[in-house]
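Chemist: show me how the following folds:
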Amino acid sequence: ASVSNVASASAVHPDRGAASSRWQRMRRIPLLGIWFHPIAWRSLVYFGIIGFPLALAYFVWVVTVGSIALGLMPILIGLPMLVFLLGSARALSLFEGKVVELFLGVRMPRRTQPVAGVVVDGVAEVRFWHRIWSWLRDIRSWLSLGYLVGNFPVSLAAFVVTLTFSLVGLVFRSEEHTSE
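Modeler: The predicted model follows:
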């Protein structure tokens, strides 16, 4: 049934196959062909609209909670705040990976946290303090925190470049219409 539908669709619209091959040919044009790829438009939306506000929110979160955690470290309330910051950094990095995967089509790695459990009565169980200690020792927690801080300047630069090129293109386009 699907073969007959394709055959009838091409009979009704004989240029449908030609249109798709035309798009394929346009995608192969050097420097201009990128504008005919859907991933290019999703990248423009990510870098121009979504990436920068998210990076700004992550940066503000890490700086605020990190400052509170470091400031409260002498009275030992800072240690639970630091653990909370590391856990939230891992969660935010996972969320950012999902956003990147959605818009850019690149699968980001998802790594589980190795936590050594204690065997009690033949059953391995992970106690609260083991989980806390593993978050403090795990390099991925600290790398996630570094990513959230380092993502801000990169996203700012990408946002500025994307916004500048888009606005310059709009200005040239509007000048072209006003001169006619």
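Chemist: now do the closest residue to Met73 other than its chain neighbours against Val60, distance only.
Modeler: Sequence neighbours aside, Leu79 is the residue nearest to Met73 in space, at 6.8 Å (criterion: CB to CB, 6 or more residues apart in numbering). In this view, the C-beta of every residue, glycine as well, is placed from N, C-alpha and C. Remark: distance between Leu79 and Val60 (CB to CB, to the nearest Å) = 22 Å.
Chemist: which one's more surrounded, those two?
Modeler: With neighbours defined as other CB atoms under 10 Å, Leu79 and Val60 compare such that Leu79 has more, 14 against 11.
Chemist: name the SS class of the more buried one, please.
Modeler: Of the three states, Leu79 takes helix under DSSP: H, G, I helix; E, B strand; the rest coil.
Chemist: my guess is it contacts Leu86, does it?
Modeler: No - with contact defined as CB atoms under 8 Å, Leu79 and Leu86 do not form a contacting pair (10.8 Å).
Chemist: residues shared between the contacts of the two?
Modeler: Both Leu79 and Leu86 lack any common contact, where contact means CB atoms under 8 Å, 6 or more residues apart in numbering.
Chemist: in this protein, which spans are strands?
Modeler: Assigned by DSSP state E, the chain shows strands spanning 118-120, 123-125.
Chemist: where among these is the average confidence lowest?
Modeler: Ranked by mean pLDDT, these end with strand 118-120 in last place, scoring a mean of 60.
Chemist: which residues touch the nearest residue to Phe159 once chain neighbours are set aside?
Modeler: Counting by CB to CB, 6+ apart, the nearest residue to Phe159 once its immediate chain neighbours are dropped is Phe52, at 3.7 Å. The contact partners of Phe52, by CB under 8 Å, 6+ apart, come to Ser155, Leu156, Ala158, Phe159.
Chemist: got TSV for these, with distance to Trp142, pLDDT and neighbour count too?
Modeler: Shown next, in TSV, are those (distance: CB to CB, whole Å; pLDDT from 0 to 100; neighbours: other CB atoms under 10 Å):
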residue	distance to Trp142	pLDDT	neighbour count
Ser155	20	91	21
Leu156	23	93	15
Ala158	24	88	17
Phe159	26	89	19
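Chemist: may I ask which two of the residues you listed are separated the most?
Modeler: Largest separation among those by CB to CB: Leu156 and Ala158, giving 7.4 Å.
Chemist: give me the nearest residue to the residue most central in space within the chain, chain neighbours excluded.
Modeler: In the chain, the centroid-proximal residue (CA atoms, centre = their mean) is Val100; its distance is 2.9 Å. In space, and not counting its chain neighbours, Val100 is closest to Met108: 5.5 Å by CB to CB, 6+ apart.
Chemist: that neighbour and Phe95 touch, don't they?
Modeler: No - using CB under 8 Å, Met108 is not in contact with Phe95; the gap is 10.3 Å.
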